[in-house]
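>>> output the structure for:
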Amino acid sequence: MAEQTPMSGMSQGKTFLFGIVAGILVLCTVGFFVLLSMQLGDKDTRVAGNTNTGNPTQVAPSGDVAPTTITLEEVTDDEHIRGNKNAKITLVEYSDFQCPFCGTFEPTVDQMLEKYPDDVRVVYRHFPLRSIHPQAAPAANASECAAEQGKFWEFHAKLFENQASLSTEVYSSIAKELGLNVSKFDSCVSSNKYAADVQADEASAQAAGGRGTPYSILVGPDGEQIPVSGAQPFSVVDAAVQQLL
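Prediction:
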């Protein structure tokens, strides 16, 4: 058996140094993948809330930052308006029929109209988050087809009641339930007749600072604007209305 030659002091030093360098490289590699996984996880997060209020909003996973200025498109008489058309205060609501938080916010809107029948009106505009809600835009188009026959708000309510199962068949079923001309309605839906109008509302929402749904803006009698992001409770929206009265 051959005799093993003892390792010299210099060789031991080189081995020790190599071990340290290798350890650092391993730690750096592990750290890189941990950080990468955290960043990817953040991008996949679709539900966000205001950390100060805890009230959630459904957001598109784009990472966009809301602009510092608000450009709100003027309300016209041919829009979808509930309440007194000559009210002092207007709540412009940008919403998505497939967004669960938008459904949560609807009772708050109803309460506002009940408490302020003369002073508050609500204007509904479409803001479908297409990347996460595939039926949001088709539902918006269907609601406009119902509006052709004078049933927008009734159809609007039914969409939120059925938002977990939205489909072309559901739209047609609602139309029949509401007594619409189903053949005319179905033709309107299949042709995607109001796609351009829905896209125009989306552009309006983004110009007004919307990056998630529901997103609303309260407009006072002198043009003052108070943005309302997320499914805020009635107390929060009510306090904002009081500021504008």
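>>> find the nearest non-adjacent residue to Leu72, please.
Ala208 (4.8 Å; CB to CB, 6 or more residues apart in numbering). Heads up, the C-betas are built off the backbone N, CA and C, glycines and all.
>>> could you pull up phi and psi at the one you found?
When read as degrees, to the nearest 10, the backbone of Ala208 gives phi -90, psi 0.
>>> wait, it sits on Glu74?
No: using CB atoms under 8 Å, Ala208 is not in contact with Glu74, being 11.4 Å away.
>>> the more surrounded of the two?
Between Ala208 and Glu74, Ala208 has the larger neighbour count (other CB atoms under 10 Å), namely 23 against 6.
>>> ok so, going back, quick one: the residue nearest to Leu72 from Ala147, how far?
Look at Ala208 and Ala147: by CB to CB, to the nearest Å, they are 22 Å apart.
>>> repeat for Ser190
17 Å.
>>> between those two, point out the one with more neighbours.
Neighbours per residue, other CB under 10 Å: of Ser190 and Ala147, the larger number sits with Ala147, 18 against 12.
>>> neighbours of the residue lying closest to that one once chain neighbours are set aside, just the number please.
Among residues not flanking Ala147 along the chain, His80 sits closest, at 7.0 Å (CB to CB, 6+ apart). Per other CB under 10 Å, the neighbour tally for His80 reads 16.
>>> my read is that His80 contacts Lys151, right?
No: His80 sits out of contact with Lys151 when judged by CB under 8 Å, with a separation of 11.3 Å.
>>> name the element Ser183 belongs to?
Secondary structure assigned from DSSP states H and E places Ser183 in helix 182-190.
>>> the very next helix or strand once past that helix - what's its average pLDDT?
Taking DSSP H and E as the definition, the helix or strand that follows helix 182-190 towards the C-terminus is helix 195-207. The average of the pLDDT scores along helix 195-207 is 97.
>>> start the count at 59, not 1, going forward
Will do, 59 is the new start, and the previous item becomes helix 253-265.
>>> paired strands for the next helix or strand after helix 253-265, with orientation please.
Where DSSP H and E defines the elements, the next helix or strand beyond helix 253-265 is strand 270-271. When pairing is defined by DSSP bridges, strand 270-271 lines up against strand 114-117 (antiparallel).
>>> what about Leu236, how many residues nearby?
17.
>>> contacting residues for it?
Counting by CB atoms under 8 Å, 6 or more residues apart in numbering, Leu236 makes contact with Ala204, Lys209, Glu212, Phe213, Lys216.
>>> what distance do you get for Ile128 to Val240?
Plainly put, Ile128 is 40 Å away from Val240 if you go by CB to CB.
>>> this protein: helices as residue ranges?
Under the criterion DSSP state H, the chain contains helices at 67-102, 158-173, 194-205, 210-219, 226-235, 240-248, 253-265, 292-302.
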